[in-house]
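*Asks:* next one to model:
(one chain, ligands or ions: 3)
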Amino acid sequence: MKNREPENTKEKRLIEIAESFDGVGKVQKVSRYGMGHINDTFLVEGEKRYIMQRINDKIFGNVPRLMQNIVGVTEYIKKGSGAPEEECLSVIFSNGSPFIRTEEGWFRLYNFISAGVSIERVPTAEELYLSAKGFGAFQAALDGYPAESLYPSIPDFHNTLKRYEKFLSAVEADAFGRKKEVEKEIAFVTERKEYCGRVVRALESGELPCRVTHNDTKLNNVLIDPVGKRPVTVIDLDTVMPGSVLYDFGDGIRSGASTAAEDERDLDKVHFSRELFEAYADGFAGEAGKRLTEKETELLHFGAILMTYECGMRFLTDYLEGDVYFKVHRDGHNLDRARTQFKLVSEMEREERFMRETVKKHAGK
Ligand code: ADP
Ligand code: GN1
Ligand code: MG
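*Replies:* Ligands and ions are numbered 1, 2, ... in the order given. The predicted model follows:
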């Protein structure tokens with residue numbers, strides 16, 4: 001990249017921070033990047049490109065331990081996968097540390113992976129199939145990972161029972177006086193409270209195995225090579241923790257098998273897509289199918305309902321609490337998101353039989 005002046009003091013400072021990581025050299029430009037809801041992500045351009053993130057320390061209480069998880073997982077995958085180095089996510093250190101702490105917050109740096117892209121629109125069936133293959137392979141790659149070494153970066157992340165309690169407290173507190181606008185959505189959640197304990201209890205009783213899972217298998221968290229038509233790598237490893245395979249399958253469907261964006265305001269455009277569901281089930285089962293227990297296969301489709309319900313409940317909770325967790329870009333953004341999730345849940349409930357049979361068909365291959 002050609003020499004260029006930083007646009008403002010903020011960029012100048014970000015350039016300084018990026019340059020303090022090992023081997024980065026002179027940086028020309030730092031700009032906002034991607035559509036994540038949690039961290040501040042920047043593209044760093046110099047002799048090479050990098051992804052720099054200001055880690056959201058309101059959400060991640062112990063950044064050093066979070067980074068220990070990520071270094072452990074990325075190194076393990078790199079050793080086991082046989083993929084070219086430039087296609088594997090790597091943490092770049094600064095003087096022996098996988099992060100730096102500055103007055104502006106905690107920063108980390110990754111290599112920029114250019115062989116694939118995040119899909120930020122409704123995917124084609126083929127793209128969703130590839131994303132499922134990517135996450136399925138990721139799960140398989142982490143099968144032998146020592147789960148006990150992972151620090152719970154967000155405790156009870158998919159403990160839907162606890163999420164429900166938090167939701168009830170937000171309704172009760174009604175700190176922003178928003179409850180009256182969302183009575184219908186609140187009722188939608190409470191009518192289905194029986195969903196909350198199903199997976200948590202099955203994990204506790206051992207009916208479902210606990211595995212090392214990604215827990216945030218949203219479509220834009222896997223990079224896909226649009227030309228070579230292959231998944232390149234899974235990113236956003238902040239929530240790799242012990243969990244159920246239902247979570248990873250479920251969130252892939254939640255985020256990928258809809259005919260509209262997660263924040264679409266026109267609910268007439270939001271539908272559960274059978275075609276996209278089948279593509280995901282095919283890709284996921286193709287990678288993970290043989291390792292699934294009978295119970296997991298039986299409940300995989302319920303993971304989709306549960307993750308969509310839970311995510312809608314989380315968006316609604318955040319709306320009631322004044323938008324403190326997910327990044328928002330307009331008034332009512334979290335409410336719009338909650339509504340798309342609930343629309344999808346009600347359609348999925350009507351499609352349960354189709355979903356169950358489709359999973360069975362592909363897992364049995
Ligand atoms: P968040 O936790 O906020 O979702 P992510 O880690 O998912 O943050 O990063 C946000 C976006 O930045 C991703 O969706 C992806 O598009 C892009 N991104 C993140 N890491 C890389 C990387 N190493 N190479 C290329 N793109 C990346
Ligand atoms: C967040 O970080 P991102 O944007 O990939 C969230 C997920 C939600 C998702 C909803 C750590 O994912 O749990 O499902 O938004 N991540 C965290 O879009 O809370
Ligand atoms: Mg992300």
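
*Asks:* contacts, neighbours, all on C-alpha from now
*Replies:* OK.

*Asks:* domain parsing for the chain?
*Replies:* Following automatic domain parsing, one finds the domains of the chain at 9-111, 125-363.

*Asks:* Leu335 touches Phe315, doesn't it?
*Replies:* Yes: in terms of Cα atoms under 8 Å, Leu335 counts as a neighbour of Phe315; the distance is 6.6 Å.

*Asks:* count residues in the vicinity of Ser149, would you?
*Replies:* Applying other Cα atoms under 10 Å, we find 11 residues neighbouring Ser149.

*Asks:* if we ignore the residues flanking it in sequence, what's nearest it?
*Replies:* The spatially closest residue to Ser149, leaving aside those adjacent along the chain, is Asn69, at 7.9 Å (Cα to Cα, 6 or more residues apart in numbering).

*Asks:* residue of the stretch 151-300 of the chain closest to ligand 2, please.
*Replies:* Nearest residue of the stretch 151-300 of the chain to ligand 2 (Cα to the nearest ligand atom) works out as Asp216 at 5.3 Å.

*Asks:* ligand 2 contacts on the stretch 101-250 of the chain?
*Replies:* By the rule Cα under 6 Å from any ligand atom, the part of the stretch 101-250 of the chain lying against ligand 2 is 216, 218, 221.

*Asks:* please redo it, this time with the cut-off set to 8 Å
*Replies:* For the stretch 101-250 of the chain, the residues in contact with ligand 2 (Cα under 8 Å from any ligand atom) are 154, 157, 215-218, 220-221, 236, 238-239.

*Asks:* which two in those are spaced the farthest apart?
*Replies:* In terms of Cα to Cα, these reach their longest pairwise distance at Ile154 and Asn220, which sit 20.2 Å apart.

*Asks:* need the contact list for Val200.
*Replies:* If you count contacts by Cα atoms under 8 Å, 6 or more residues apart in numbering, Val200 has them with 159-161.

*Asks:* Gly61: what's it in contact with?
*Replies:* Counting by Cα under 8 Å, 6+ apart, Gly61 has contacts Ser153.

*Asks:* so it: helix, strand or coil?
*Replies:* Gly61 falls in the coil class when you classify it by DSSP: H, G, I helix; E, B strand; the rest coil.

*Asks:* please report how far it lies from Ile224.
*Replies:* In this structure, Gly61 and Ile224 are separated by 31 Å, where distance is defined by Cα to Cα, to the nearest Å.

*Asks:* ignoring the adjacent residues along the chain, who's closest to whichever residue of the stretch 201-350 of the chain sits closest to ligand 1?
*Replies:* Scanning the stretch 201-350 of the chain for the residue nearest ligand 1 gives Asp236, at 3.7 Å (criterion: Cα to the nearest ligand atom). In space, Asp236 comes closest to Asn221 once its chain neighbours are excluded; the distance is 5.9 Å by Cα to Cα, 6+ apart.

*Asks:* can you give me the neighbour number for the closest residue to Tyr195 other than its chain neighbours?
*Replies:* Once its chain neighbours are removed from consideration, Tyr195 has its nearest residue in Leu306; the separation is 6.7 Å (Cα to Cα, 6+ apart). Using other Cα under 10 Å as the criterion, Leu306 is surrounded by 25 other residues.

*Asks:* Leu306 - that's part of a helix, no?
*Replies:* Yes: using three-state DSSP, the secondary structure at Leu306 is a helix.

*Asks:* ok, it - contacts?
*Replies:* Contacts of Leu306 (Cα under 8 Å, 6+ apart): 195-196, 250.

*Asks:* now, among those, which is nearest to Asn39?
*Replies:* Distances from those to Asn39 were compared by Cα to Cα; the smallest belongs to Gly250, at 22.6 Å.

*Asks:* pLDDT score assigned to the closest one?
*Replies:* On pLDDT, Gly250 comes in at 98.

*Asks:* for Gly80, same thing?
*Replies:* Confidence for Gly80, expressed as pLDDT, is 88.

*Asks:* can you map out the strands along the stretch 1-150 of the chain?
*Replies:* 27-32, 40-46, 49-54, 91-92, 100-102, 105-111 (DSSP state E, counting those that start in this stretch).
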